[in-house]
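*Asks:* next one to model:
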Amino acid sequence: MTRKVLEVMGGSTGGIARHVAAIVEHLDGIDELCIDIAAPPDLQVPMPKPIYPIAIPDGPVRGHGGAIRRLGSLVRAGSYDVVHAHGLRAGIDAGVAARGRANRIATVHNLILDGASGKLKTVLYRRAEALVVALNERVLAPSKEIAAQLEARAPRLSERIETLHLGAGTPSVPAVSAAAIRDELGVGPGRTLVVTVARLAPQKALHVLLDALALMDSDVRLTVVGDGPLAGELRERARRAGIETRVRWVGYKDDSTSYIAAADVFVLSSVWEACSLAAQEAMSLGVPVVSTAVGGMPELIADRISGRLSPSGDARALATAISDVLCSPSDARRYIEAAREHLAHEFSPEQMLARLRSVYLEDAFGA
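*Replies:* Below is the predicted model:
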């Protein structure tokens, strides 16, 4: 008997979209699973099958009624057995829309930092985190740190919350060679290349990475893969720091792995991350990773064992960590070997997909 699953996304770019694409690619048609996708009409990440276009508003309050009605109509028309939402806003809207009609699962990929959006919005988001647990019969957290925060928001419903590391798996072979990418970026012999893949948004704290670059040797070059609302502000910061000729802004790329594979080191300067899929891709590709020690990143990287961790917001410490990796090829090789072993044991996409398949095939959760 066919088991129908609807994946619901609130955002149109980044790791969440790639994660959903992997779920559909590997589980659709397996054990009679039929998986469809509801996503924003401006979705930028290619999907294995056509989507149902449904936009979920960015804000915590306005506009969600329409999204809930559209999702409810889709769930009824499609007779879905399971609705799996990705992200906080999608988890709430889909949780309401599918209530009484389908098993409801939410993966909470990110949380909002205290004070990051102002006091009122922070209070609303904290309530939303509790609400997403109340509205969904199973809540998946991609890191133990996220799971702990959700349990603190909804302690009486903690049995619904489960940690499930989202493994990126081995990336596809880069479409463009490392040599060609470095030539495109003007990174010639004697120069080193730092790459980050990040949305140009406050969470990613790219201003800290720019400040770190300004402290490093002038032969170090930075390439930023991604776009977002802070693009103009960040470019101006690079200009004021006198490093604009050392930074390349290449925008969003479907084939970000080509840029990652060309790097001497991959860096995340975020104020918050779960267990970054881009960092996992770098580790799989044999590129050493330097990250801020935030969110679930210490679950992914053990400092000085499988990569380097740096305090959030500290440009000097970040510059030192990057320089240490660049100046010690033997350490970099050791980090790469340990990182690949850790990924195989703790972030296996096969384990993740097997668990999702099991959850999708369960009978009604009864909550």
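
*Asks:* just give me the neighbour total for residue 18.
*Replies:* Here the number of neighbours of residue 18 (other CB atoms under 10 Å) works out to 20. Placement of C-beta: from N, CA and C, glycine included.

*Asks:* could you find the closest non-adjacent residue to it?
*Replies:* Distances taken as CB to CB, 6 or more residues apart in numbering put residue 45 closest to residue 18, at 5.8 Å, once the chain neighbours are dropped.

*Asks:* phi, psi of the one you found?
*Replies:* Main-chain dihedrals, residue 45, degrees, to the nearest 10: phi -90, psi 130.

*Asks:* my guess is it meets residue 21, correct?
*Replies:* Yes: Residue 45 is in contact with residue 21 according to CB atoms under 8 Å; the separation is 6.1 Å.

*Asks:* list the contacts for residue 225?
*Replies:* Counting by CB atoms under 8 Å, 6 or more residues apart in numbering, residue 225 touches 195-198, 250-253, 256, 259-260.

*Asks:* pull out the buried residues from the host helix or strand of it.
*Replies:* Per DSSP states H and E: residue 225 is located in strand 220-225. The neighbour-count check on strand 220-225 (16 or more other CB atoms under 10 Å) flags 220-225 as buried.

*Asks:* pull the CA atoms of that strand into PDB?
*Replies:* What follows is strand 220-225, C-alpha atoms only, in PDB (Å, rounded to 0.1, in the frame of the first residue of the first chain):
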ATOM      1  CA  VAL A 220      45.400  34.900   1.500                       C
ATOM      2  CA  ARG A 221      42.400  35.200  -0.700                       C
ATOM      3  CA  LEU A 222      38.700  34.800   0.300                       C
ATOM      4  CA  THR A 223      35.800  33.600  -1.900                       C
ATOM      5  CA  VAL A 224      32.300  34.000  -0.600                       C
ATOM      6  CA  VAL A 225      29.700  31.700  -2.200                       C
END
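
*Asks:* hmm, back to that, tell me which of the buried residues of strand 220-225 is nearest to residue 33?
*Replies:* Set against residue 33, the nearest of the buried residues of strand 220-225 by CB to CB is residue 225 (32.8 Å).

*Asks:* once you drop chain neighbours, what's closest to that closest one?
*Replies:* Per CB to CB, 6+ apart, closest to residue 225 is residue 197, 4.5 Å.
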